[in-house]
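Asks: coordinates only, no sequence provided:
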């Protein structure tokens, strides 16, 4: 009976550890929310210490004994990262990261030392997928040609410009 309990407890730990990595996708300049744990945290506020790191080196956000600490925060995350305090009161640790940049992609690690939680999230940052269309009127300046059409600019988020003419000169 004792071996069976140890086996079930060990299996539970393995399943728990295996589910601690997730993948989150965001687009450039958007906002994402990363979660620290799949379960609710039950700690007094003054006992809660949480560390968020990017690629295991950059300090994204810290909570030390219940208080936000940005002393050692990497400048790349200043005014772009925050822990959702309303969710924190419910026992959920979520990090909001705004104005995503391509340099934000990678692995985010969340540590809650007193509970032994080490959670990783892979952030994938994709290019925004919209197209901006701009129309410009073409006028003749002394050439005698009479323009009769529209010049269209198609500017995808990649920055490449595609042009096409619609009956420009007759």
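Replies: Yes, it's here. The structure presented is a predicted model; accordingly, all values stated were derived computationally and were not measured.
Asks: and the residue nearest to residue 49 when sequence neighbours are not counted, what are its bridge partners?
Replies: What sits nearest to residue 49 in space, not counting adjacent residues and going by Cβ to Cβ, 6 or more residues apart in numbering, is residue 64, at 5.4 Å. For the C-beta atoms, the positions are set from N, CA and C on the backbone; glycine is no exception. Taking DSSP bridges as the rule, residue 64 bridges to residue 67.
Asks: and the gap between residue 64 and residue 23?
Replies: Going from residue 64 to residue 23 by Cβ to Cβ, to the nearest Å gives 28 Å.
Asks: so those two - more neighbours on which side?
Replies: Using other Cβ atoms under 10 Å as the criterion, residue 64 and residue 23 rank with residue 64 on top: 12 against 9.
Asks: can you list the domains in this protein?
Replies: 20-126, 131-166 (automatic domain parsing).
Asks: deepest-packed of these, please.
Replies: domain 20-126 (a mean of 15; mean count of other Cβ atoms under 10 Å).
Asks: you'd agree the residue nearest to residue 49 is up against residue 45?
Replies: No - using Cβ atoms under 8 Å as the test, residue 64 is too far from residue 45 to be in contact (11.7 Å).
Asks: contacts for the strand ranked longest in the chain?
Replies: As assigned by DSSP state E, the longest strand anywhere in the chain is strand 117-126. Contact with strand 117-126 is made by 20-28, 32, 34-38, 41, 97, 100-102, 104-111, as judged by Cβ atoms under 8 Å, 6 or more residues apart in numbering.
Asks: that one pairs with which strands?
Replies: As assigned by DSSP bridges, strand 117-126 forms pairs with strand 21-27 (parallel), strand 106-112 (antiparallel).
Asks: what's the closest of those to residue 57?
Replies: Checking these against residue 57 by Cβ to Cβ gives strand 106-112 as the closest, at 9.8 Å.
Asks: mean pLDDT for the domains of the chain: which is lowest?
Replies: The minimum mean pLDDT among the domains of the chain belongs to domain 131-166 (a mean of 54).
Asks: the strands in the chain, which residues?
Replies: Using DSSP E, strands in the chain cover 21-27, 32-35, 50-54, 58-64, 67-69, 81-83, 94-97, 106-112, 117-126, 131-136, 150-156, 162-166.
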